[in-house]
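Participant: predicted model and sequence follow; I will ask about them next.
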Amino acid sequence: MKYGRVFNFSAGPAMMPEPVLEEIRDEMMNYRGSGMCVMEMSHRSKVYQQIIDDAEKDLRDLMGIPDNYKVLFIQGGATLQFSMIPMNLMKNGKAVYIETGAWSKKAIAEAKKVGEVIVGASSKDKNYTYIPDCSNLDIPEDTDYVYICENETIHGVTWNKLPNTKGHVLVSDQSSMFLSRPCNVSDYGLIYAGVQKNVGPAGMVVVIIREDLIRDDLENLPIYLQYKTHADNGSMYNTPNCWAIYCCGKVFKYLKSIGGLKEMEKINKEKAKIFYDFLDQSKMFKGTVVPQDRSLMNIPFVTGSAELDAEVVAATKAAGYDNLKGHKSVGGLRASIYNAMPKEGVVALVDFLKKFEAEHK
Ligand SMILES: *Cc1c(COP(=O)(O)O)cnc(C)c1O
């Protein structure tokens, strides 16, 4: 790796594409003749307006976002959306949530503060190691939306087939799989993603929302918590996270340049297969998720011994493979291999783990 960088398997904030970091470095002191860094720029300036407009346009191109959807850049991370979604979308005060891991659980807890939450299905019985069958959910007619976390970052499960919402609005937390594969935006009413997993710097969320879901009868809701505020003001009701929007815009352009989301998915499948094939033949390391629901992005695995897990974390870190410790709530190990993790990083880590296993028989 250049610059003495390590292969960083962090779940987020996580690696960014090296060509993007180099471009940011080159523009740091003087952005394209403006005489200033993007960090120093008024968000009301022409030059910054171009940056945010380009970012939105490139994201629309990448995902094929239809014209009747708004793209919003909002602060507060993905976590604020746990509250904003029920506050804005619960017209009848009722929603169905699917519980598949730590992040959907958190979303459920927040939604319960706003209205009635029906847990339509849960994989809690097997410690969130699979996606429950959601082809025939019991959904009351007056349900405002059905909510999923499309990739559970901590438990490493992913939806490969969306739930049958029976005509109700689908809301999805795509934080840890955003732009990792093609996405048919029209299948959803609202998609959101905290960007620090798969796109850019922390502190911002991208919300893609169908226009008819943006309400104008929520005067009593704090103005910053209304989607309408952000939609009416081009994500600039107040000073946005200018820097994150700039960096994300570069990643959107970069993804377009390498062939878009189809190509990205191909690469991600290749990378994940290398890791899962290794786990499936290993006698020491075991994946925790059922094969058909395994994430392409977050791969939890275990040795079965907490001491050995800790030894693996220390040995990999010393060898230049950082952040392999599993989330504190589940333990074990986890390799996050987002879009920006090069294939060489996965190959090198697998080689290292093979050697480690051979030496610890
Ligand atoms: C990280 C993460 C969040 C929370 O993101 P913040 O930006 O820290 O609020 C929510 N959902 C998922 C799936 C995540 O991976």
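Facilitator: That came in fine, so what should we check first? Model, not experiment: these values are computed from the prediction. Numbering: from 1, shown residues only.
Participant: pretty sure residue 304 contacts residue 286?
Facilitator: Yes. Using C-beta atoms under 8 Å, residue 304 is in contact with residue 286, at 7.1 Å. For every residue, glycine as well, the C-beta is placed using N, CA and C.
Participant: out of these two, which sits in the more crowded spot?
Facilitator: A direct count of neighbours by other C-beta atoms under 10 Å for residue 304 and residue 286 places residue 286 higher, at 14 against 10.
Participant: where does this protein dip in pLDDT?
Facilitator: Residue ranges of the chain with pLDDT under 70: none are present.
Participant: please work out which residue of it is closest to the ligand.
Facilitator: residue 77 (2.6 Å; C-beta to the nearest ligand atom).
Participant: centre of the chain to the helix or strand hosting residue 316, how far?
Facilitator: Of the helices and strands defined by DSSP states H and E, residue 316 is found in helix 306-318. Put simply, helix 306-318 sits 26 Å off its chain's centre (C-alpha atoms, centre = their mean, to the nearest Å).
Participant: next one: stretch 269-287
Facilitator: 22 Å.
Participant: need the CA coordinates for that stretch. CSV is fine.
Facilitator: The C-alpha coordinates for stretch 269-287 follow below in CSV (Å, rounded to 0.1, in the frame of the first residue of the first chain):
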residue,chain,number,x,y,z
LYS,A,269,-19.1,-10.4,-5.1
GLU,A,270,-15.6,-11.5,-6.0
LYS,A,271,-14.1,-10.1,-2.9
ALA,A,272,-16.8,-11.6,-0.6
LYS,A,273,-16.5,-15.0,-2.3
ILE,A,274,-12.8,-15.1,-1.6
PHE,A,275,-13.5,-14.5,2.1
TYR,A,276,-16.5,-16.8,2.5
ASP,A,277,-14.8,-19.6,0.5
PHE,A,278,-11.9,-19.4,3.0
LEU,A,279,-14.3,-19.5,6.0
ASP,A,280,-16.2,-22.5,4.6
GLN,A,281,-13.1,-24.6,4.3
SER,A,282,-11.4,-23.4,7.5
LYS,A,283,-11.3,-25.6,10.6
MET,A,284,-10.4,-22.7,12.9
PHE,A,285,-12.7,-19.8,11.6
LYS,A,286,-16.4,-20.0,11.0
GLY,A,287,-18.9,-17.6,9.5
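Participant: what's that stretch in contact with?
Facilitator: 156, 291, 294-297, 299-304, 308, 333, 335, 337, 341, 343, 346-347, 349-350, 353-354, 356-357, 360 (C-beta atoms under 8 Å, 6 or more residues apart in numbering).
Participant: scan the protein for its longest helix.
Facilitator: helix 260-281 (DSSP state H).
Participant: which stretches of the protein form helices?
Facilitator: Using DSSP H, helices in the chain cover 18-26, 46-63, 79-89, 102-111, 227-232, 242-257, 260-281, 306-318, 343-359.
Participant: could I get these as CSV with distance to residue 207?
Facilitator: CSV is the format used below for the helices of the chain (distance: least, C-beta to C-beta, whole Å):
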stretch, distance to residue 207
helix 18-26, 22
helix 46-63, 11
helix 79-89, 7
helix 102-111, 14
helix 227-232, 7
helix 242-257, 13
helix 260-281, 19
helix 306-318, 35
helix 343-359, 31
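Participant: export those helices as JSON lines, with columns for mean neighbour count and distance to residue 160.
Facilitator: Formatted as JSON lines, the helices of the chain follow (neighbours: other C-beta atoms under 10 Å; distance: least, C-beta to C-beta, whole Å):
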{"stretch": "helix 18-26", "mean neighbour count": "15", "distance to residue 160": "28"}
{"stretch": "helix 46-63", "mean neighbour count": "17", "distance to residue 160": "18"}
{"stretch": "helix 79-89", "mean neighbour count": "22", "distance to residue 160": "23"}
{"stretch": "helix 102-111", "mean neighbour count": "20", "distance to residue 160": "16"}
{"stretch": "helix 227-232", "mean neighbour count": "19", "distance to residue 160": "29"}
{"stretch": "helix 242-257", "mean neighbour count": "21", "distance to residue 160": "21"}
{"stretch": "helix 260-281", "mean neighbour count": "16", "distance to residue 160": "12"}
{"stretch": "helix 306-318", "mean neighbour count": "16", "distance to residue 160": "28"}
{"stretch": "helix 343-359", "mean neighbour count": "16", "distance to residue 160": "20"}
